[in-house]
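1. Requesting a structural model of the entry that follows:
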Amino acid sequence: MSSNPQIYKMNIDPLKELVPVIQLSRQPMVLAAHPSLGVASLAELIALAKQQPGLRYATGTGVGAQHMVAQWFASIAGIKLEQVPYRGGAPALNDLIGGHIPLSVNNVPEAKAQIDAGAVRPLGVTTAMRSPVLPNVPTVAESGLPGYDTGLWWGVVAPAGLPAAVKAKLEKDVADAVKSPAVAQRLLGLGATPIGSTSQEFSALIRAEYDKWGPVIKAAGIRGE
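-> Numbering: from 1, shown residues only. The predicted model follows:
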């Protein structure tokens, strides 16, 4: 809803034809490096990238959140990184583990086991707050790039024109579920932070994300097929 309308030719306008009901959760991504790259922090990565422009990084898709996250990071850090797209997060991570590529942007759950095993080195998580799954990994913002805050989010939307009473019930029932111990614990286990926001807050988030990613997409020349 926030990025695809600016990347692909779509036959709908999701900002007009869908109504936000509630945000369910948010999950950071993690920028990780192979130990052989010889960097232990984002500051060291930035310094190296300024000496070696075009360091390659793996993503699980060609066009998507991981690519935009990396390009935004590179833009505000003043460096050049080269994307190598894979068909899925697992093969991207496997090539990072094998040292075939020096950097990767991954979802936290898929990278956690390899981080814990020391096979890959986490440099920073993308949200403003540290991940409860990787509490010892600093955020990009606290690593010297203040204001950097992004991640994957999930929510419930419905067709525009949904009756107000139905929307209100959906919002309340889903919020109750998200706040329940069982669902909240399950989300945390997946590396996601439960949110359960109001429809107004979710709507504001989508608009803010749309406005944030527009300049990044344009500057990086990101286009969908």
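2. got the buried residues for the helix of greatest length in the chain?
-> Of all segments of type helix in the chain, defined using DSSP state H, the longest is helix 199-220. Of all the residues in helix 199-220, those buried under the rule 16 or more other CB atoms under 10 Å are 199, 202-203, 205-206, 210, 212-213, 216-217, 220. Quick note: C-beta positions are derived from backbone N, CA and C, even for glycine.
3. Next, the contact list for the spatially most central residue of the chain, please.
-> Residue closest to the average C-alpha location in the chain (CA atoms, centre = their mean): G151, at 3.0 Å. Contacts were defined as CB atoms under 8 Å, 6 or more residues apart in numbering; by that measure G151 touches 26-29, 126-127.
4. can you give me phi and psi for it?
-> Main-chain dihedrals, G151, degrees, to the nearest 10: phi 170, psi 180.
5. Could you export the contacts of G151 as TSV, including secondary structure?
-> Below are those laid out as TSV (DSSP: H, G, I helix; E, B strand; the rest coil):
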residue	secondary structure
R26	strand
Q27	strand
P28	coil
M29	strand
T126	coil
T127	coil
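6. Pick out the lowest-pLDDT one from the buried residues of helix 199-220.
-> Within those, the minimum per-residue pLDDT falls on A220 (84).
7. tally of neighbours for the closest residue to it other than its chain neighbours?
-> Once flanking residues are discounted, A220 sits nearest to Q71: 4.2 Å by CB to CB, 6 or more residues apart in numbering. Neighbour count for Q71, taken as other CB atoms under 10 Å: 21.
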